[in-house]
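Colleague: Pasting the sequence and the predicted model now:
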Amino acid sequence: MPKGRPNTMNNYGVLLHELGLDEPLVTPLRERFLQPLMALLYPDCGGGWLDSHRAFVVKYAPGQDRELGCHYDNAELTLNVALGKAFTGGALYFGDLFQAPSTLAKPLEVEHVVAQGILHRGGQLHGARPLGAGERWNLVVWLRASAVRNHLCPMCCRKPDLVDDEGFGDGFTREEPPTVDVCALT
Ligand SMILES: O=C(O)CCC(=O)C(=O)O
Ligand SMILES: [Fe+2]
């Protein structure tokens, strides 16, 4: 079975599409539940035009990954759900939007509550504090809107050069979604 890293930062975990869970689980979750919510909460980040995702579980444990450095996601929007198991530490912290850093001093720290999820902008700087005891598993869904990223890559802030890829690839498309007025996205 293919076993890719969940992302370029986490070494332990699994990609949900490798488990065959995109079609039966993550795509319906995105289309039926997340998109309507994100359209209301984050219309400025393409919340109403989500058309692909990269979904994975990250695992933190003693002797494996223990923390995650401050970063922004390759996503317009992100869902992060605490799955368990029993653990201490590992809180998420949030700072500025990476595109608009300010002098704000103290990051916002959010403790995990198992079975609850956090929604945030992909461009919001964030990371995870070191794990104390136990094992932490979180489901992370990077939500992508080609209407936004086709014009502005969230990683390099430029118009992307495209190469063909399998599945959702990195969420860019060669053809524009016909109904989107990108001027309305700002
Ligand atoms: O450790 C976590 O729960 C955060 C993971 C995360 O930010 C990411 O995978 O992009
Ligand atoms: Fe992240």
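Modeller: Noted; the coordinates are in hand. Ligands and ions are numbered 1, 2, ... in the order given.
Colleague: did I read that right, Ala147 in a helix?
Modeller: Yes. Under DSSP: H, G, I helix; E, B strand; the rest coil, Ala147 sits within a helix.
Colleague: Would you map the helices across the protein?
Modeller: In the chain, the helices defined using DSSP state H lie at 27-28, 35-41, 146-149.
Colleague: Which of those sits closest to His53?
Modeller: Each of those has some distance to His53 by C-beta to C-beta; the shortest is helix 27-28, at 7.7 Å. All C-beta spots, glycine's among them, are computed from the backbone N, C-alpha and C.
Colleague: hang on, the earlier thing: with mean neighbour count added, can I get the helices of the chain in TSV?
Modeller: Formatted as TSV, the helices of the chain follow (neighbours: other C-beta atoms under 10 Å):
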stretch	mean neighbour count
helix 27-28	14
helix 35-41	15
helix 146-149	23
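Colleague: Kindly reformat the ones you listed as TSV and extend each row with distance to Leu119 and mean pLDDT.
Modeller: Listed next are the helices of the chain as TSV, based on distance: least, C-beta to C-beta, whole Å; pLDDT from 0 to 100:
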stretch	distance to Leu119	mean pLDDT
helix 27-28	17	98
helix 35-41	7	97
helix 146-149	16	92
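Colleague: okay, now Lys3: neighbour count?
Modeller: Residues near Lys3, counting by other C-beta atoms under 10 Å, number 7.
Colleague: Below-threshold pLDDT in this protein: ranges please.
Modeller: Filtered on pLDDT under 70, the chain yields the residue ranges 1-2, 101, 103-105, 177-186.
Colleague: can you list the residues of the protein near ligand 1?
Modeller: With C-beta under 6 Å from any ligand atom as the criterion, the chain meets ligand 1 at residues Asn7, Asn10, Val58, Leu68, Asp73, Asn80, Leu92, His126, Ala128, Asn138, Val140.
Colleague: out of everything not next to it in sequence, what's closest to Gly47?
Modeller: Sequence neighbours aside, Met38 is the residue nearest to Gly47 in space, at 3.3 Å (criterion: C-beta to C-beta, 6 or more residues apart in numbering).
Colleague: residues touching that neighbour, list them.
Modeller: Contacts for Met38 were tallied using C-beta atoms under 8 Å, 6 or more residues apart in numbering; they are Cys45, Gly47, Gly48, Leu50, Leu77, Leu119, Leu143.
Colleague: Can you give me the separation between the nearest residue to Gln35 once chain neighbours are set aside and ligand 1?
Modeller: In space, and not counting its chain neighbours, Gln35 is closest to Leu50: 4.8 Å by C-beta to C-beta, 6+ apart. Relative to ligand 1, Leu50 is positioned 16 Å away (C-beta to the nearest ligand atom, to the nearest Å).
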